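Visitor: no sequence for this one, just the structure:
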């Protein structure tokens, strides 16, 4: 397999018992991505439960509590590869009380598979997960209408569900979801097309995953480079070396390009681009590199390099964001928290809670505090200026986490608007 094979991260989401874990198990099994001992173990478990066939959902329901309840609680990650791509799958929970788990998994996903049980159609949880996927800016949405075998592979039923879903999804900015009928239990239209859905002319699920265009999921236009480390090796060979290490979060940079260091606003030129295996003339997201500059400028961790000719980010001590509260301890507006944004950490206060979103109905409600799994629009003030883009422009520089400085626990995840 080529070392340049693209990596695609995707999640499965939907209502409870729509077949998310079974779908992932079918993908792993039919793409020959599980070991014999794994298959043997789930075969024995299925036999103990009195099942006539192997329960492929056990491949992802790794926690004992999940197996006992028959539901997915935590996010179960699995990895597999085809000749065209490598994959990281996140099997996210269906219950409303595990909204925070889905938000965590979806924050880095390129694609979301929204499952619908063909018998039950579009449900409240389907709408909730679609809203969360749109909120988190997942670029590609696939509507997978599962359990088509339970409705006699009816094209009329599939068309009815697709029409209802598209009517709901369009106002959220999801204009053209790819819609695929399938049976995860029998394997129809997952990896192999099968022979029961001849009326469907589109791609099977894995075929779509292998070919969906993800090159532009990252902002390729505007260069963004948060400084992670000031590199000054204390050796005779490199005693004059001073580089700035980090990961390119967006765009590209070349030797000789003029850059601006924010928040200070000083400008200079890129002298060298250094990597572990040599020097480059041009680097691009998401490469990790060390940049050396033409001028001596006071730069520290948390500063952001941007190309002077590109769209400039905002620099401010105040901003508005959509927040998902992750902690079991409610938000206290009178308390100070820490915000970690790219590589900078700053103290913050919540100046206001504009409204809380009911993720089931999308209605807005006033709120004085936030509890676990709540999603709200808030305004924050930070002690030091942050350099950021809107989340819709750049997911890396438009997102942050909130940390309880007393316990060091991550209590919230936010998207700047």
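Guide: Looks like it arrived, so ask away. Worth saying up front: this structure is predicted, and the values here are computed from it rather than measured. Numbers count the residues shown, from 1 in each chain.

Visitor: Okay, now the unreliable bits of the stretch 301-417 of the chain?
Guide: Nowhere does the stretch 301-417 of the chain drop to pLDDT under 70.

Visitor: what are the ranges of the strands in the stretch 101-250 of the chain?
Guide: Ranges of strands in the stretch 101-250 of the chain, per DSSP state E, counting those that start in this stretch, are 111-117, 140-146, 178-181, 225-226, 229-231, 243-247.

Visitor: Would you mind putting these into JSON lines with mean neighbour count alongside?
Guide: To be clear about C-beta, it is placed using only N, CA and C from the backbone, and glycine gets the same treatment. Below are the strands of the stretch 101-250 of the chain laid out as JSON lines (neighbours: other C-beta atoms under 10 Å):
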{"stretch": "strand 111-117", "mean neighbour count": "25"}
{"stretch": "strand 140-146", "mean neighbour count": "23"}
{"stretch": "strand 178-181", "mean neighbour count": "22"}
{"stretch": "strand 225-226", "mean neighbour count": "24"}
{"stretch": "strand 229-231", "mean neighbour count": "15"}
{"stretch": "strand 243-247", "mean neighbour count": "19"}
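
Visitor: right, and those strands - which one's nearest residue 80?
Guide: strand 111-117 (14.4 Å; C-beta to C-beta).

Visitor: Output the contacting helices and strands for that closest one.
Guide: Judged by 3 or more C-beta pairs under 8 Å, 6 or more residues apart in numbering; DSSP states H and E, strand 111-117 is in contact with strand 6-14, helix 20-30, helix 124-135, strand 140-146, helix 155-169.

Visitor: can you tell which of the ones you listed is closest to residue 364?
Guide: Using C-beta to C-beta, the helices and strands packed on strand 111-117 put helix 124-135 closest to residue 364, at 12.6 Å.

Visitor: Between the strands of the stretch 101-250 of the chain, which one is closest to residue 196.
Guide: strand 178-181 (9.4 Å).

Visitor: Was I right to think residue 302 contacts residue 339?
Guide: No - using C-beta atoms under 8 Å, residue 302 is not in contact with residue 339, being 11.4 Å away.

Visitor: any common contacting residues for these two?
Guide: Shared contacts of residue 302 and residue 339, defined by C-beta atoms under 8 Å, 6 or more residues apart in numbering, comprise residue 345.

Visitor: the more surrounded of the two?
Guide: Neighbour totals were compared for residue 302 and residue 339, and residue 339 leads with 23 against 19 (other C-beta atoms under 10 Å).

Visitor: contacting residues around the more buried one?
Guide: Contacts of residue 339 (C-beta under 8 Å, 6+ apart): 345, 346, 347, 348, 380, 382, 386, 400, 401, 402, 403.

Visitor: Looking at those, which is nearest residue 144?
Guide: Closest to residue 144, out of all of these and judged by C-beta to C-beta, is residue 401, at 30.4 Å.

Visitor: okay, now the closest one: neighbour count?
Guide: Other residues close to residue 401 by other C-beta under 10 Å number 17.

Visitor: That one and residue 410 touch, don't they?
Guide: Yes - assessed by C-beta under 8 Å, residue 401 is found in contact with residue 410 at 5.2 Å.

Visitor: Out of the strands of the stretch 101-250 of the chain, flag the one nearest residue 216.
Guide: strand 140-146 (11.0 Å).
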